[in-house]
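**Student:** Everything below, folded, please.
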Amino acid sequence: MRYLSLIAVVTLLLWQQKALAQGCSDAGFCSIGNLTAQGQQSTKAKQRTLKLLLPVGVGDEGVFVFAPGLEYTQTLNNRWAVQGKITFNYASGNLGTVFGAGDVFLSGTYSLPGQKRWKPSVTLGVKLPLNQSNLEAEHRALPMQYQSSLGTVDLIAGISVTSVRWQFAAGYQQPLTGANRNYFLPEYWSNPKAAFYPPSNDFNRRGDLLLRTAYSFQPIRKASLDVGLLGIYHLGKDRYINANIQNDAIAIEGSSGLTLNVTAFLRVPLTTKLELGVTGGVPLVVREVRPDGLTRRFVVAPQISYSF
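**Tutor:** Numbering: from 1, shown residues only. A predicted model of the protein is given here:
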């Protein structure tokens with residue numbers, strides 16, 4: 001009961017945060033392979049782990065987002081591990097309600113030879129969209145805040161160095177397929193609330209760099225709490241096309257730059273195979289404009305892991 005009470009307290013604290021967060025789990029690379037929050041790992045390695053992900057949050061203009069996912073990790077040997085994840089997305093706001101398939105993530109992680117205390121590893125992966133970011137309501141295109149995928153194939157790479165207590169990680173995510181097939185322009189909606197969403201017709205998103213540092217400790221017996229900083233630097237200005245203005249792509253001013261979050265990851269083993277956890281973050285620095293729809297006023301991400 002102490003463990004469940006601790007999870008409940010952390011969840012309530014995260015739920016009450018009103019600042020804007022990056023919501024980087026939507027883009028994907030801060031929760032893949034060795035770039036994810038590690039927590040304090042068990043001394044007994046597990047060959048297979050199945051994880052149910054249940055993140056909820058509220059984005060721009062009060063859009064409620066529930067993005068469940070299922071993740072499977074297979075440890076092949078003391079060097080190699082592979083991971084697959086599939087996501088879905090439910091979004092509801094003042095322009096409509098939609099549900100759709102999200103993305104498939106595939107990755108491999110290789111543990112490099114290192115010192116006994118420090119364990120370096122590298123991850124290479126890919127994000128494959130299950131739709132083209134063109135979900136609709138009332139036969140009109142919805143903005144990116146409602147979309148279940150960014151609609152692009154992305155390359156993901158990362159390196160991480162961990163010890164019993166510390167994690168240092170760096171990652172890179174690059175869209176490979178150019179503009180998605182979203183065609184939202186506010187002027188085509190009769191609903192005046194559409195004007196508060198950034199245009200995203202033929203949305204072309206730039207890449208991101210990630211830096212993570214975290215420290216793990218035990219607030220109570222067996223449970224571990226991982227706290228740290230997560231920085232995401234958007235490498236350029238996102239672009240869209242509006243033929244009513246010009247035929248060339250229009251750069252979105254303020255869409256590049258740094259987002260810096262304070263993060264927390266609580267994990268509580270219930271048995272030797274079953275574990276509960278919750279993640280969350282509070283921003284210190286945010287980009288001026290985030291047209292990709294990844295902004296969250298708060299995020300609570302419970303998860304259930306089964307290792308066998």
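
**Student:** mean confidence for stretch 258-277?
**Tutor:** For stretch 258-277, mean pLDDT rounds to 92.

**Student:** Also stretch 207-215?
**Tutor:** Across stretch 207-215, pLDDT averages out at 95.

**Student:** then that stretch to CSV, C-alphas only?
**Tutor:** Output in CSV follows, covering the C-alpha atoms of stretch 207-215 (Å, rounded to 0.1, in the frame of the first residue of the first chain):
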residue,chain,number,x,y,z
GLY,A,207,14.8,17.5,-36.6
ASP,A,208,15.6,17.5,-32.9
LEU,A,209,18.6,17.0,-30.6
LEU,A,210,18.2,15.5,-27.1
LEU,A,211,20.3,15.7,-24.0
ARG,A,212,19.3,13.9,-20.8
THR,A,213,20.9,13.6,-17.4
ALA,A,214,19.2,11.9,-14.4
TYR,A,215,20.0,10.6,-11.0
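
**Student:** ok, and for the longest strand seen in the chain, which residues are buried?
**Tutor:** The residue-count maximum for a strand in the chain (DSSP state E) belongs to strand 96-111. Buried residues in strand 96-111, defined by neighbour count with 16 or more other C-beta atoms under 10 Å: 96, 98, 100, 102-103, 105-107, 109, 111. (Each C-beta comes from the backbone N, C-alpha and C, glycine too.)

**Student:** Give the other helices and strands that that strand contacts.
**Tutor:** Helices and strands touching strand 96-111, as assessed by 3 or more C-beta pairs under 8 Å, 6 or more residues apart in numbering; DSSP states H and E, comprise strand 80-93, strand 119-129, strand 136-137.

**Student:** could you redo the last one with a cut-off of 6 Å?
**Tutor:** Packing partners of strand 96-111 (3 or more C-beta pairs under 6 Å, 6 or more residues apart in numbering; DSSP states H and E): strand 80-93, strand 119-129.

**Student:** got a list of what Trp166 touches?
**Tutor:** Each residue near Trp166 by C-beta atoms under 6 Å, 6 or more residues apart in numbering is listed here: Tyr215.

**Student:** How about the one 5 residues further on?
**Tutor:** For Gly171, the contacting residues are 29, 35, 158, 210, taking C-beta under 6 Å, 6+ apart as the criterion.

**Student:** Pairing-wise in the sheet, spell out the partners of it.
**Tutor:** On the basis of DSSP bridges, Gly171 is bridged to Gly158, Leu210.

**Student:** how about the helices of this structure, start to end?
**Tutor:** For the chain, the helices defined by DSSP state H cover 2-15.

**Student:** Below-threshold pLDDT in the stretch 1-150 of the chain: ranges please.
**Tutor:** Applying pLDDT under 70 to the stretch 1-150 of the chain picks out residues 1-27, 39-46.

**Student:** can we see that at 50?
**Tutor:** Applying pLDDT under 50 to the stretch 1-150 of the chain flags residues 3-26, 40, 42-44.

**Student:** Can you give me every residue that contacts Ala170?
**Tutor:** Taking C-beta under 6 Å, 6+ apart as the test, what Ala170 contacts is 159, 211.

**Student:** any idea how far it lies from Ser160?
**Tutor:** 8 Å (C-beta to C-beta, to the nearest Å).

**Student:** How much space separates the nearest residue to Pro219 once chain neighbours are set aside from Arg239?
**Tutor:** Leaving out its chain neighbours, the residue that sits closest to Pro219 by C-beta to C-beta, 6 or more residues apart in numbering is Leu225, at 5.1 Å. Separation of Leu225 from Arg239 (C-beta to C-beta): 40 Å.

**Student:** Repeat that for Gln74.
**Tutor:** On the measure of C-beta to C-beta, Gln74 and Arg239 end up 38 Å apart.

**Student:** out of those two, which sits in the busier spot?
**Tutor:** Arg239 (20 against 13; other C-beta atoms under 10 Å).

**Student:** in the sheet, who's paired with the more buried one?
**Tutor:** The partner residues for Arg239, given DSSP bridges, come to Asn204, Ala251.

**Student:** One more: Tyr110?
**Tutor:** Note on Tyr110: beta-bridge partners Trp80, Val122, judged by DSSP bridges.

**Student:** Could you double-check that it lies in contact with Val122?
**Tutor:** Yes - using C-beta atoms under 6 Å, Tyr110 is in contact with Val122, at 5.4 Å.

**Student:** check contacts around Gln145.
**Tutor:** Counting by C-beta under 6 Å, 6+ apart, Gln145 touches 59-60, 63, 293.

**Student:** er, Asn180 I mean
**Tutor:** 132-133, 151-152, 203.

**Student:** ok, now how distant is it from Asp208?
**Tutor:** 16 Å.

**Student:** Kindly report the same for Ala243.
**Tutor:** Taken as C-beta to C-beta, the span from Ala243 to Asp208 is 28 Å.
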